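Novice: the following comprises the amino acid sequence and a computationally predicted model.
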Amino acid sequence: MRIKANKMYILRIEHPVPDFNGWKEAFDSDPVGREKSGVRRYRILRPIDNANYVIIDLEFDTASQAEAFLAALRVLWGRVESKVMMNPQARIVEAVETKEY
């Protein structure tokens, strides 16, 4: 058993997509520059009953990095909403504890 207590900030984004493959292509093109913006890792999730909905967790070392990245994403979303994705919802959360078994 391992408990991690180091701080991590996660920008969680959720939204429907008209076409997952088209969205994934746009995501992979990395228009905002995840690595240079401080993203340490990301995770893409989809509900098992809806292949056209995505949940993305982007992990950062600091809350300010996550806030700056979200601001850049909002600019991008203004240009691509309804083409690649719709109605994005985002929040920044702090990972308080992770326990592995």
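Specialist: Looks like it came in fine.

Novice: count of neighbours near the nearest residue to Pro31 once chain neighbours are set aside?
Specialist: Leaving aside its sequence neighbours, Pro31 sits nearest to Leu76 (CB to CB, 6 or more residues apart in numbering; 5.9 Å). Using the backbone N, CA and C atoms, a C-beta is placed for each residue, glycine as well. Number of residues near Leu76 (other CB atoms under 10 Å) recorded here: 14.

Novice: was I right to think Leu76 contacts Asp30?
Specialist: No: if you go by CB atoms under 8 Å, Leu76 and Asp30 don't touch, sitting 10.8 Å apart.

Novice: distance between the longest helix along the chain and the chain's centre?
Specialist: When the chain is parsed with DSSP state H, its longest helix is helix 63-80. The chain centre lies 10 Å from the centre of helix 63-80; the measure is CA atoms, centre = their mean, to the nearest Å.

Novice: for it, what is the average pLDDT?
Specialist: Mean pLDDT, computed over helix 63-80, is 94.
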